[in-house]
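Student: Turn this into a structure:
(chains A and B)
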Amino acid sequence: MSATLSDATSASFARHPIRLTLNGQMRELQVLPWTTLLDLLREQLDLVGSKKGCDHGQCGACTVLRDGKRINACLTLAVMCDGAQLTTVEGLADGDQLHPMQQAFIKHDAFQCGYCTPGQICSAVGLVNEGRARTPGQISELMSGNLCRCGAYNNIRDAIEEALPLCQPELEQGGEQ
Amino acid sequence: MNPFQYSKPDTVQAAIDLSSPVSRFIAGGTNLLDLMKENLTRPEHLIDITGLPLADLSETPSGGVMIGALVSNADLAWHPWIERRYPLLSQAILAGASPQLRNMASTGGNLLQRTRCYYFYDASVPCNKREPGSGCPARDGLNRIHAIFGASEQCVATHPSDMCVALAALEAVVHVLGRGGARTIEFADFHRLPGDAPQRDNQLADDELITGIELPAAGFAEHSHYLKIRDRASYAFALVSVAVALELDGPVIRQARLALGGVAHKPWRDRAVESRLTGQTVSRETFTAAADALLQNAEPLAHNGFKVKLARRAIVRALSDAALGSAPLGGQA
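Tutor: A predicted model of the protein is given here:
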């Protein structure tokens, strides 16, 4: 059994065709099975807003929205995103009009070095979509999957608290859900 | 990550037919892909089960709830049936991982998480769980996070899940399907103690797939509590956690369930201690006596003796909070 599969695998490292909606655009792509969504975005599609901080799902810098829900792109296989609607930090603004969450982050100076910021903002938009956080304490708890080594947490929490009523939950339906 | 073949079957039977000793099923992938990136697991074939029809909750004829194996941890924790009837399970899930991971992780996969023992995760050192027979550096090494119950000479690792601690207290039933057909496994029997085969975390066979988790009708919604103690306020594994479910008649305990996380190779229950609580009156003395009885069997290592005191206090507090009534869900800050 094992030998048969080994032969089969060595002969069939073919790319898999996937179709997905990325920041509002339909894309047809060819991906290797072991390419993560984060590597697809950064290495193949030149969308480098999503960051590779730890690459182990511990820091949240790679957070993107899949069908409106926040996920870690580093622990997601691109091939498993066939049919999904994906939004990265590059897809939040409407032309030159920033997303209310982006505006709030600027207003509250919710970053220092900025490396974690795309993940923080995508995560915060996912938090809005979930509709579970109302108090500052709940915001802190439900943002714990995003680390900020500069320690801008208080300003991040303030920005999200202000943007919360300005953001409309946007739960997208994936094609294969 | 090593190269591998990828398949996405449409039916449960097709997924099982595709399975082999060198394949792995993948759903959320939150633990499996991490292990593959560290080269601790090198499957030749990943079978993507996210297209299978296992993503729903349904009511069972006996008044319980069947949870499809693909229901995400977040959807489960926030499902109105679970929040209302099984708040212990909601609390436990929301105490674990991060919102992103809970959106990805599946119910079935949560049971199959591997230990976060740092020696297991370091491929440059021996580990009996990773390479049977190679040795256990944790037993005489840095073992602050390790087991105080049920460990063996070969392995002192703990099971990392919060959800499983609640499922143990709720006496869930695991439904699996394999080439030999379907079977059910009582939650208490699903995970193993390490013994002399620590490479085996549970009793699932290679070709078996978890299809669902069944919750019995009794959800103990009136008097349950999940208490988790960790090194930081959120997004950390438990040093000690306690799931308590009580059935009370006024101040008298009719039934008590008590499961501990972070202290053993599986969620830890002591039926003798639970039985002793039955018929007793709710009081601090009753709870302290139960905690003492449970912990007299603890076998701490060089660096985790603090877990005995911590567990004693956590048990008393969790029992007290459960007796007072379930804490409302929501922010924990």
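Student: ok, now which ones touch B:R139?
Tutor: B:A151, B:E153, B:V156, B:L301 (Cβ atoms under 8 Å, 6 or more residues apart in numbering or on different chains). Quick note: C-beta positions are derived from backbone N, CA and C, even for glycine.
Student: Of all pairs in those, which one is the farthest apart?
Tutor: Pairwise distances across the contacts of B:R139 (Cβ to Cβ) peak at 12.1 Å, for the pair B:E153 and B:L301.
Student: and the two? which has more neighbours close in?
Tutor: B:L301 (19 against 12; other Cβ atoms under 10 Å in any protein chain shown).
Student: ok, how many other residues are close to residue 70?
Tutor: Here I'm looking at chain A. 30.
Student: I was after chain B.
Tutor: 23.
Student: picking that back up, turn the contacts of B:R139 into CSV, columns for distance to chain A, pLDDT and secondary structure.
Tutor: CSV is the format used below for the contacts of B:R139 (distance: Cβ to the nearest Cβ, whole Å; pLDDT from 0 to 100; DSSP: H, G, I helix; E, B strand; the rest coil):
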residue, distance to chain A, pLDDT, secondary structure
B:A151, 26, 98, coil
B:E153, 31, 98, coil
B:V156, 23, 98, coil
B:L301, 26, 98, coil
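Student: how close does the nearest residue to B:S72 once chain neighbours are set aside get to A:N129?
Tutor: Nearest residue to B:S72, sequence neighbours excluded (Cβ to Cβ, 6 or more residues apart in numbering or on different chains): B:N103, at 5.9 Å. Using Cβ to Cβ, to the nearest Å, B:N103 is found at 10 Å from A:N129.
Student: Overlap in contacts, those two.
Tutor: A:K69, A:R70.
Student: could you say what helices and strands the top helix by length along chain B packs with?
Tutor: Scanning chain B for the helix with the most residues, using DSSP state H, yields helix B:306-324. When contacts are defined as 3 or more Cβ pairs under 8 Å, 6 or more residues apart in numbering or on different chains; DSSP states H and E, helix B:306-324 packs onto strand B:224-229, strand B:240-249, strand B:252-261, helix B:284-295.
Student: Packed most tightly, which of those would that be?
Tutor: Greatest average neighbour count among the helices and strands packed on helix B:306-324 goes to strand B:224-229 (a mean of 25), per mean count of other Cβ atoms under 10 Å in any protein chain shown.
Student: sorry, back to before: list the buried ones in the longest helix of chain B?
Tutor: B:307-308, B:310-312, B:314-323 (16 or more other Cβ atoms under 10 Å in any protein chain shown).
Student: Spit out the contact partners of B:L33.
Tutor: Per Cβ under 8 Å, 6+ apart, neighbours of B:L33: A:T36, A:L75, A:T76, A:L77, B:M1, B:I26.
Student: out of the residues you listed, which one sits closest to B:T107?
Tutor: Closest to B:T107, out of all of the contacts of B:L33 and judged by Cβ to Cβ, is B:I26, at 14.4 Å.
Student: Can you report how many residues neighbour the residue in chain A that chain B sits nearest to?
Tutor: Nearest residue of chain A to chain B: A:G145, at 2.6 Å (Cβ to the nearest Cβ). Applying other Cβ under 10 Å, we find 25 residues neighbouring A:G145.
Student: you'd agree B:A238 is up against B:A264?
Tutor: No - using Cβ atoms under 8 Å, B:A238 is not in contact with B:A264, being 11.6 Å away.
Student: closest point of chain B to chain A, which residue?
Tutor: Closest point on chain B to chain A, by Cβ to the nearest Cβ, is B:S98, at 2.6 Å.
Student: Please name the bridge partners of B:H191.
Tutor: B:N202 (DSSP bridges).
Student: unless I'm mixing things up, it is touching B:L204, no?
Tutor: No - look at B:H191 against B:L204 with Cβ under 8 Å: they stay out of range, at 9.8 Å.
Student: circling back: is the residue nearest to B:S72 located within a helix, as I assumed?
Tutor: Yes - assessed by DSSP: H, G, I helix; E, B strand; the rest coil, B:N103 belongs to a helix.
Student: confidence score at it?
Tutor: Looking at B:N103, its pLDDT is 98.
Student: Get me the contact residues on the stretch 151-300 of chain B for chain A.
Tutor: Neighbours of chain A within the stretch 151-300 of chain B, by Cβ under 8 Å from any Cβ of the partner chain: B:A233, B:S234, B:Y235.
Student: Without its sequence neighbours, what residue ends up closest to the last one?
Tutor: Spatial nearest neighbour of B:Y235, chain neighbours left out: A:S144 (4.1 Å); criterion: Cβ to Cβ, 6+ apart.
Student: can you pull the contacts of the one you found?
Tutor: Contacts of A:S144 (Cβ under 8 Å, 6+ apart): B:S98, B:P99, B:A233, B:S234, B:Y235.
Student: how about it, secondary structure?
Tutor: Assignment for A:S144 (three-state DSSP): coil.
Student: Ramachandran coordinates for it?
Tutor: phi -70, psi -10 (degrees, to the nearest 10).
Student: Please apply the same query to the one 10 residues further on.
Tutor: Dihedral angles phi and psi of A:N154 (degrees, to the nearest 10) take the values phi -60, psi -40.
Student: Return stretch A:159-170 as CSV; C-alpha atoms alone will do.
Tutor: Extracted in CSV, the C-alpha atoms of stretch A:159-170 (Å, rounded to 0.1, in the frame of the first residue of the first chain):
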residue,chain,number,x,y,z
ALA,A,159,-9.8,52.1,17.5
ILE,A,160,-11.9,49.0,17.3
GLU,A,161,-14.3,50.3,19.9
GLU,A,162,-14.9,53.5,17.9
ALA,A,163,-15.2,51.7,14.6
LEU,A,164,-17.5,49.0,15.8
PRO,A,165,-20.8,51.0,15.4
LEU,A,166,-19.6,52.4,12.0
CYS,A,167,-18.9,49.0,10.4
GLN,A,168,-21.6,46.9,8.9
PRO,A,169,-21.2,43.2,9.3
GLU,A,170,-20.4,41.7,5.9
